[in-house]
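K.L.:
What shape does this take:
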Amino acid sequence: MALTGSDESGAPATVVLVAERSAALRTQIAALVRGFDPAATVVEASTGRATFEACLRQRPDIAFVGLQFEDLSGPEAVATLKAKGVALPCLILLASQVFPRWTEVSQHLDAYEFLRTPLDVEHVTGLLHAYVRRHRPTRLLLVDSAAQSRALVRRILARSGFRLEVEETDNGQHAVKLIRLGTCDVAMIDLGLKGMDGLELACHARDVAPGTPLILMTGGNKAVLAQASRHFGVDYVLKKPFFARDVDRVMYHLLSLRRPYLLNAITEGPDLPAGNRGAARA
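P.N.:
Numbers count the residues shown, from 1 in each chain. Just a heads-up that it's a prediction; the model follows:
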């Protein structure tokens, strides 16, 4: 499997930075990345200063960064880069132990994941698989009768870590037609849909496209509604208001991807409980 960019389109290969003072750990991560995608460009750094300079020069797509170096710490190097407007699209922090403020520091640095060493090889491979899938287009059908509500949800979806291509409709019958034609990979349905309500639409959608994941949006009691939704084929229930990270949590579940521990730490927990499709491997 190839990482984003290293494909037949002629786009440049994905750049992966491995910044860690342990040579053995750098070698292990580099080997895992090259085993996953031989075309990836792997850049190594053994000091904080070298990490900073490599990011400025190479602008890595994925960066594995250790916390401790002999000079500048990993977080200090990343924070300095961030202050200069240099973003690391997929930052994965490495440490031998979890420290008290790991969640706060990770969020401040816009980290994607925090990994403990020694590494779990399957976890790293799962992260690389998730990286590829998150950058592949996912067609999402947004069904909501209120234009203002659709606009708000669109803004939230735009901040998701997944590449969501959104099509919208305010009509349940039109939504059923689109779902039947297979124009979406997942449908996001408002419970309070006018005419044909959300649960009725879910029932019709499940008949015409049994394999299409369905997310129900509601402002009501999600625990009670989730139990009822089992009978209508709903896969996930999202309680309003929700945020981009909540959408991401749902997407990891529906696409059977390795969910980052960091995402687990900053969200309340699964909003689902409607179905068993694609159990998350986190």
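
K.L.:
and the nearest residue to residue 218 once chain neighbours are set aside, what are its phi and psi?
P.N.:
Leaving aside its sequence neighbours, residue 218 sits nearest to residue 191 (Cβ to Cβ, 6 or more residues apart in numbering; 4.2 Å). In short, each C-beta sits where N, CA and C put it, glycine included. Dihedral pair for residue 191: phi -60, psi -40, per degrees, to the nearest 10.

K.L.:
Residue 191: what's it in contact with?
P.N.:
The contact partners of residue 191, by Cβ atoms under 8 Å, 6 or more residues apart in numbering, come to 197, 198, 199, 216, 217, 218, 219, 220, 225.

K.L.:
let's see it at 6 Å
P.N.:
Neighbouring residues of residue 191 by Cβ atoms under 6 Å, 6 or more residues apart in numbering: 198, 216, 218.

K.L.:
Tell me the one of the residues you listed nearest residue 133?
P.N.:
Taking Cβ to Cβ as the measure, residue 133 lies nearest residue 216 of the contacts of residue 191, at 23.1 Å.

K.L.:
just checking, that closest one is part of a strand?
P.N.:
Yes - the assignment for residue 216 by DSSP: H, G, I helix; E, B strand; the rest coil puts it in a strand.

K.L.:
Would you check that it makes contact with residue 234?
P.N.:
Yes - using Cβ atoms under 6 Å, residue 216 is in contact with residue 234, at 4.7 Å.

K.L.:
okay, residue 97: pLDDT?
P.N.:
Looking at residue 97, its pLDDT is 88.

K.L.:
And it, how far from residue 183?
P.N.:
48 Å (Cβ to Cβ, to the nearest Å).

K.L.:
neighbour count winner among the two?
P.N.:
Neighbours were counted for residue 97 and for residue 183 using other Cβ atoms under 10 Å; residue 183 has more, 13 against 8.

K.L.:
ok, now how distant is the closest residue to residue 71 other than its chain neighbours from residue 15?
P.N.:
Once flanking residues are discounted, residue 71 sits nearest to residue 48: 4.9 Å by Cβ to Cβ, 6+ apart. Per Cβ to Cβ, residue 48 is found 19 Å from residue 15.

K.L.:
try residue 106
P.N.:
Counting by Cβ to Cβ, the gap from residue 106 to residue 15 is 22 Å.

K.L.:
and what of residue 187?
P.N.:
For residue 187, the distance to residue 15 (Cβ to Cβ) stands at 36 Å.

K.L.:
between these two, who's got more neighbours?
P.N.:
More crowded of residue 187 and residue 15, by other Cβ under 10 Å: residue 187, with 27 against 20.

K.L.:
what's the spatially closest residue to that one that is not a sequence neighbour in contact with, if anything?
P.N.:
By the measure of Cβ to Cβ, 6+ apart, the closest residue to residue 187 outside its immediate chain neighbours is residue 141, 4.5 Å from it. Taking Cβ under 6 Å, 6+ apart, we find residue 141 in contact with 167, 178, 184, 187.

K.L.:
Taking strand 214-218 as reference, get the angle to the helix or strand bottoming out on mean pLDDT in the chain.
P.N.:
Among the helical and strand segments of the chain, the one scoring lowest on mean pLDDT, DSSP states H and E is helix 222-229, with a mean of 72. Per axes from the mean of the first three to the mean of the last three Cα atoms, to 10 degrees, the angle that helix 222-229 makes with strand 214-218 is 140 degrees.

K.L.:
moving C-terminal of helix 222-229, what's the next helix or strand?
P.N.:
strand 236-239 (DSSP states H and E).

K.L.:
what does the average pLDDT come to for that following strand?
P.N.:
If you average the pLDDT over strand 236-239, you get 91.

K.L.:
partner strands of it, parallel or antiparallel?
P.N.:
Using DSSP bridges, strand 236-239 pairs in its sheet with strand 214-218 (parallel).
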